[in-house]
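**Student:** got a structure for you, letters missing:
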């Protein structure tokens, strides 16, 4: 059994970027607070009045920071209870972090400028002008944050955003950035070593294709991944097979893991979110919301019906097979999208009728060899509808 590598830097990139932005804004505010009060040109104002204004602005912005925190917590909690606990778009939105970091910078500027003015009797008007400009920029960020919040708690923009990200991933079907498809009949090198996951339970978020292909090319090996992005990795579960001589730590180093699923390389994630929203809508008997979610599910299923589901075979620059990545099958797309919904909507005619229409339309777009996955679901929906609407005697 092999051990997992050290935490990948990519997992912490967003957190580090947010912390770096806060540090930069704080340093910028400190620099302005120390330099602007030293300006001696142009009109000036009484120092004590300027200090009072700066103190008021600084304390007021600190109150805004508390409001921003409260707003973020409330919106995330509301979205988790109404949409899906897996939907974390607002929590990770850049405007939330930027507004918070900018507010800290404004506060640091006001406090440092007030201390820099110190015992001076008069100070340049540039200090007050700088504070006003920062307040205007702060108001613009708050306005943008307000619009983002309003969008995050509306159904249509949320569904549209999820579906758009799902379409992008399905249309690309994992970008072929590391090579072309090799012949499936190409022989694999020997020996074969199985790599297992030896760490606590986690979620596979992303596969570093370039890194794995480069390592396999250098060792003249082939890596066959058993796990696809979005899969939960359990301790002791096999994650890959190495054909050739290649350390297991290299393979594990190319797997980016985390505590939750993401949109990066997980084509099933958008289906799961839309299904969760529809299921939550059925719980308080809101069939209109469930039907609206099914509208977007139909589009994604229609695209998935034409998407390749065989493993992706990635080659190097010499067209030699180096990496095989598992992808979800057509039955997984259908099962994730519809099985729970069909059972939950057994007594909701409007939702059953929408699922019936969805299955019929997707079946017309799918290849004949994929009809056998849709037919049992359509039969079950028709049976539920026959129970709700029995034929007249």
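**Tutor:** Cool, got the structure. Keep in mind the model is a prediction, meaning the values are calculated, not measured.
**Student:** residue ranges with poor pLDDT in the stretch 1-150 of the chain?
**Tutor:** Low-confidence segments of the stretch 1-150 of the chain, defined by pLDDT under 70: 1-18, 72, 75-82, 84-92.
**Student:** please enumerate the helices of this protein.
**Tutor:** Ranges of helices in the chain, per DSSP state H, are 13-35, 47-82, 94-117, 125-152, 155-172, 209-219, 248-253, 269-282, 287-304, 330-334, 340-344, 349-365, 371-388.
**Student:** which one of the ones you listed lies closest to residue 324?
**Tutor:** Counting by C-beta to C-beta, residue 324 lies closest to helix 209-219 out of these; the figure is 10.2 Å. Quick note: C-beta positions are derived from backbone N, CA and C, even for glycine.
**Student:** now do the closest one, average pLDDT.
**Tutor:** Helix 209-219 comes out with an average pLDDT of 90.
**Student:** from the chain's centroid, how far away is that helix?
**Tutor:** 26 Å (C-alpha atoms, centre = their mean, to the nearest Å).
**Student:** show me what it packs onto, helices and strands only.
**Tutor:** If you count contacts as 3 or more C-beta pairs under 8 Å, 6 or more residues apart in numbering; DSSP states H and E, helix 209-219 packs onto strand 222-225, helix 248-253, strand 312-315, strand 321-325.
**Student:** turn these into CSV, columns for mean pLDDT.
**Tutor:** Compiled in CSV, these are given as follows (pLDDT from 0 to 100):
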stretch, mean pLDDT
strand 222-225, 91
helix 248-253, 89
strand 312-315, 86
strand 321-325, 90
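**Student:** redo the ones you listed as a markdown table? Include distance to residue 155 and mean neighbour count.
**Tutor:** Shown next, in a markdown table, are those (distance: least, C-beta to C-beta, whole Å; neighbours: other C-beta atoms under 10 Å):
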| stretch | distance to residue 155 | mean neighbour count |
| --- | --- | --- |
| strand 222-225 | 36 | 24 |
| helix 248-253 | 40 | 20 |
| strand 312-315 | 34 | 21 |
| strand 321-325 | 34 | 25 |
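**Student:** separation between residue 60 and residue 322?
**Tutor:** 58 Å (C-beta to C-beta, to the nearest Å).
**Student:** kindly report the same for residue 56.
**Tutor:** 63 Å.
**Student:** and the contacts of stretch 296-303?
**Tutor:** Stretch 296-303 is contacted by residues 159-160, 162-163, 166-167, 170-171, 270-271, 274-275, 278, 333-334, 337-338, 358, 361-362, 365 when judged by C-beta atoms under 8 Å, 6 or more residues apart in numbering.
**Student:** same thing but at 6 Å, please
**Tutor:** 159, 163, 166, 170, 274, 337, 358, 362, 365 (C-beta atoms under 6 Å, 6 or more residues apart in numbering).
**Student:** right, and the fifth one touches residue 294 too?
**Tutor:** No - judged on C-beta atoms under 6 Å, residue 274 makes no contact with residue 294 at a distance of 8.1 Å.
**Student:** neighbour count for the two, which is higher?
**Tutor:** residue 274 (27 against 22; other C-beta atoms under 10 Å).
**Student:** the more buried one and residue 323, how far apart?
**Tutor:** 30 Å.
**Student:** OK, contacts around residue 236?
**Tutor:** Applying C-beta under 6 Å, 6+ apart, the residues near residue 236 are residue 196.
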